[in-house]
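Asker: kindly return the folded structure for what I paste below:
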Amino acid sequence: MKMFLLAAALAFPALARGAAAKCTPQAVSAAKKTTLTMPNGKTIKIDLVDTPMSREVGLMCVTKMKHDYGMLFVFPQDMFLNFWMKNTLVSLDILWIGADKRITVIHERLKSSTVATPDDQVATAGGRGQYVLELAAGEAKRRKLKAGDVLKFEVVIPEK
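Answerer: Alright, predicted model coming up:
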């Protein structure tokens, strides 16, 4: 992926550059899995990423996403999070979700990028939340998701 807490990106710029150059899709297959329930009661399968390394890699190198799949980034607390989409090969919708599991911000159809994409052309998006959900581009609109909607899922909150 690409994801960096704003402070982490400022404090560890070499780590950010190194992560963007790697392509390790094995991280996705090794992720913890659960189910997320939408406001309309429909469910999707999600991978949970809750460690600094798994959050950093996220959906890097994934070339195709199913409409009933997502990746949920789990953080120790509610905070401002900025995602940088370097080496994210698919276009995504990204939703920030507060500790109360209400959607706070939705960024739709963020463009894909590769390692070769110049840094100033890589999509970035930010918002406040304890969770961030990545879905295939167009899924937020197709599912009629909006800020304030409540999503249901069970996760263990990582320690700080």
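
Asker: pull the longest strand from the chain.
Answerer: Criterion DSSP state E: the longest strand present in the chain is strand 69-84.

Asker: same for it, what does it pack against?
Answerer: Contact here means 3 or more C-beta pairs under 8 Å, 6 or more residues apart in numbering; DSSP states H and E; on that basis strand 69-84 packs against strand 3-4, helix 6-11, strand 32-37, strand 43-49, strand 124-136. C-beta: built from backbone N, CA, C; applies to glycine.

Asker: these: which one's closest to L151?
Answerer: Proximity to L151 (C-beta to C-beta) singles out strand 32-37 among those, at 5.8 Å.

Asker: give me the angle between that closest one and strand 43-49.
Answerer: 140 degrees (axes from the mean of the first three to the mean of the last three C-alpha atoms, to 10 degrees).

Asker: what sits up against strand 32-37?
Answerer: When contacts are defined by C-beta atoms under 8 Å, 6 or more residues apart in numbering, strand 32-37 is touched by residues 43-50, 70, 72, 133, 151-155.

Asker: hmm, try it at 6 Å
Answerer: Defining contact as C-beta atoms under 6 Å, 6 or more residues apart in numbering, one finds that strand 32-37 is touched by 43-44, 46-48, 151-153.

Asker: right, I'll call it a day here.
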